[in-house]
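In: I would like to see how this sequence folds:
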Amino acid sequence: MTSGTSPTVTVLMTTHATDPTLMRHSLESILRQSFADFEFLVVADGPLGEAETELQAVAHDPRVRILRPGKVGRGAALNLGLAAARADLIAIQDSDDESHRLRLERQVRVLQQHPEIDLLATARVLTRSRSDHADWEIGELPDSIEVVDRELLTRNVLIHTSIVARAALFERLGGYDTERRRFFDYDLYLRARVIGARLARLDVPLVLYRFHRRQAFASEKVVFTRMREAARLQRIHIKPLPLLSRCWYTLLIGLRVPLRFGRAYIARKRLERSDGR
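Out: As a prediction, the model looks like this:
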């Protein structure tokens, strides 16, 4: 990146009291990207605790910028990062996940070749292990792109930590909804769909998504709360549809309830076994 010029991509990470080891791996996964023309913007949403050491270890890198607004909440922290970003493409990186070293290279290439796509997510590799890393082999197969549209009315199929979106889309949407406590990403995708944005998914696993106890899937009670909030969002967006379509999507949403509870139960049992309980 040449001094005085804008980078091609701003990688945006918000973080708050993240596990320091996971944060170190997350930071390193961006700094070792094969695509070099990026800035790495980290928004510290309040005190970082032990993870502060990991952030300071990379602070000397000229690609890294750190914002410290205090504890403002996830939505506001994301919006502060968007306002400070200098690139036309914004990549999201969660502080406990990892990106494959080819992630930015592949996503930037697709977005440059397909200017009609406003937001591009990727497939993921899911892990419950702290020792796994985003180091799998990726072949040079043609990029397989799937446009995502009405599928979003029943479930969120776009992994937030995998998206690269055009800054112009965030501007049109007014950024993330700072009044929300959850589903910042899902709400954003549904609003993007309403204004006719083109959302797509690259069928290549380019992020390592960590599933661990600190996430909000550890109890069925939390799953119920999340499902109820998701249903509220979905009802808003299926309301303008014809009656038959509304009934169909309502049925699909209802059918997912036992599936989600079953997955939550199995996931909790696996986490308990991994903890030696």
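
In: so who does the residue nearest the centre of the chain touch?
Out: The structure's the chain has its C-alpha centroid closest to His160; by CA atoms, centre = their mean the separation is 1.7 Å. By CB atoms under 8 Å, 6 or more residues apart in numbering, His160 lies in contact with Ile92, Asp94, Phe184, Asp185. All C-beta spots, glycine's among them, are computed from the backbone N, C-alpha and C.

In: just Leu208 next, same as before
Out: Contacts here follow CB under 8 Å, 6+ apart; on that basis Leu208 touches Ser29, Asp97, Glu98, Ser99, His100, Arg124, Val125, Thr127, Asp132, His133, Ala134.

In: report the beta-bridge partners for it.
Out: Glu98, Val125 (DSSP bridges).

In: where's it relative to Arg24, distance?
Out: 14 Å (CB to CB, to the nearest Å).

In: now do the helices in this protein.
Out: 20-31, 51-58, 74-84, 103-113, 167-173, 184-194, 220-238, 243-274 (DSSP state H).

In: quick one: buried residues of stretch 44-64?
Out: Neighbour counts over stretch 44-64 (16 or more other CB atoms under 10 Å) mark Ala44, Asp45, Leu48, Ala51, Glu54, Leu55, Val58, Arg63, Val64 as buried.

In: hey, C-alpha coordinates of it in PDB?
Out: What follows is stretch 44-64, C-alpha atoms only, in PDB (Å, rounded to 0.1, in the frame of the first residue of the first chain):
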ATOM      1  CA  ALA A  44     -11.700  -1.800  20.900                       C
ATOM      2  CA  ASP A  45     -15.200  -1.900  22.300                       C
ATOM      3  CA  GLY A  46     -14.200  -1.200  25.900                       C
ATOM      4  CA  PRO A  47     -11.300  -2.700  27.900                       C
ATOM      5  CA  LEU A  48      -9.700  -5.700  26.300                       C
ATOM      6  CA  GLY A  49      -8.300  -7.400  29.400                       C
ATOM      7  CA  GLU A  50      -5.500  -9.900  28.700                       C
ATOM      8  CA  ALA A  51      -6.100  -9.500  24.900                       C
ATOM      9  CA  GLU A  52      -4.600  -6.000  25.100                       C
ATOM     10  CA  THR A  53      -1.200  -7.600  24.900                       C
ATOM     11  CA  GLU A  54      -2.000  -9.300  21.700                       C
ATOM     12  CA  LEU A  55      -3.300  -6.100  20.100                       C
ATOM     13  CA  GLN A  56      -0.200  -4.200  21.200                       C
ATOM     14  CA  ALA A  57       2.000  -6.900  19.600                       C
ATOM     15  CA  VAL A  58       0.700  -5.900  16.100                       C
ATOM     16  CA  ALA A  59       0.100  -2.200  16.700                       C
ATOM     17  CA  HIS A  60       3.500  -1.400  15.200                       C
ATOM     18  CA  ASP A  61       2.400  -2.800  11.800                       C
ATOM     19  CA  PRO A  62       1.700   0.200   9.500                       C
ATOM     20  CA  ARG A  63      -1.400  -1.500   8.100                       C
ATOM     21  CA  VAL A  64      -3.000  -1.600  11.600                       C
END
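
In: return the distance of that stretch from the chain's centre.
Out: 20 Å (CA atoms, centre = their mean, to the nearest Å).

In: which residues touch that stretch?
Out: Here stretch 44-64 makes contact (CB under 8 Å, 6+ apart) with 1, 14-20, 23-24, 27-28, 31, 38-40, 42, 66-74, 77, 95.

In: are any of those residues buried, and which?
Out: The buried subset of the contacts of stretch 44-64 - by 16+ other CB under 10 Å - is 1, 14-20, 23-24, 27, 38-40, 42, 67, 72-74, 77, 95.

In: so which of those residues are in strands?
Out: Counted as lying in strands by DSSP state E, out of the buried ones among the contacts of stretch 44-64, are Thr14, Thr15, Phe38, Glu39, Phe40, Val42, Leu67.
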